[in-house]
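# How does the following fold in three dimensions:
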Amino acid sequence: MAKAKNSKDSFEKRQQEVEQQAEELSVQYKVKVHPLLFVPNGEEIVGFIKEPSREFKKKCIDLFYMGQVTNAGTLILENGLIKEHSDARILSEAPEHDYIYMGALMEAIGIVKYINNAIKKN
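As a prediction, this is how the structure comes out:
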């Protein structure tokens with residue numbers, strides 16, 4: 001039980017570090033940067049996605065409402081990933097990295113939902 005708590009505490013600490021790095025990148029790129037942190041198969045994957053432009057947000061919303069949520073996430077991931085600060089395996093075409101790409105895609109879909117919810121609030 002103590003090991004599980006330490007593992008959770010360690011992940012939360014690492015998550016805070018990645019969020020801090022995203023804030024620093026936001027200043028550097030002058031746009032909100034969303035952190036990605038997930039642990040498939042016990043290995044940490046870190047990435048950073050820039051907030052999409054208004055034009056990309058419109059495309060994502062269109063795709064979202066047409067039921068093409070995965071395509072909206074792909075648009076965000078492949079156009080917004082800051083490659084020089086992200087795990088190179090995220091966009092790797094190698095089949096053995098598909099699970100990493102899919103994990104990052106699920107995170108990007110979360111950003112699409114965040115954008116959609118932000119619009120609904122206004």
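
# Which residues belonging to the helix or strand bottoming out on mean pLDDT in the chain are considered buried?
Least confident helix or strand, the chain: helix 2-29 with a mean of 85, by mean pLDDT, DSSP states H and E. Within helix 2-29, the residues scored as buried using 16 or more other Cβ atoms under 10 Å are 18, 21-22, 25-26. The way it works is simple: take the backbone N, C-alpha and C, and place the C-beta from them, glycine included.

# what packs against it?
Helix 2-29 sits against strand 33-38, strand 45-50, with contacts defined as 3 or more Cβ pairs under 8 Å, 6 or more residues apart in numbering; DSSP states H and E.

# any low-confidence regions in this structure?
For the chain, the stretches flagged by pLDDT under 70 are 1-6, 122.

# Kindly recompute the last result at 90.
In the predicted model, the chain carries pLDDT under 90 at residues 1-11, 39-43, 54, 56-57, 61, 64, 111-122.

# about what we covered before: so can I have a markdown table of the helices and strands packed on helix 2-29 showing distance to Arg14?
Output for the helices and strands packed on helix 2-29, formatted as a markdown table (distance: least, Cβ to Cβ, whole Å):
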| stretch | distance to Arg14 |
| --- | --- |
| strand 33-38 | 7 |
| strand 45-50 | 9 |
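
# Dump those strands into JSON lines; add distance to Leu81 and mean neighbour count as well.
Supplementary listing: the helices and strands packed on helix 2-29 in JSON lines, determined by distance: least, Cβ to Cβ, whole Å; neighbours: other Cβ atoms under 10 Å:
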{"stretch": "strand 33-38", "distance to Leu81": "8", "mean neighbour count": "20"}
{"stretch": "strand 45-50", "distance to Leu81": "6", "mean neighbour count": "22"}
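
# Show me what Gly47 is bridged to.
With DSSP bridges applied, Gly47 shows beta-bridge pairing to Leu36.

# quick one: contacts for it?
With contact taken as Cβ atoms under 8 Å, 6 or more residues apart in numbering, Gly47 is in contact with 35-36, 81-82, 85-87, 90, 104, 107.
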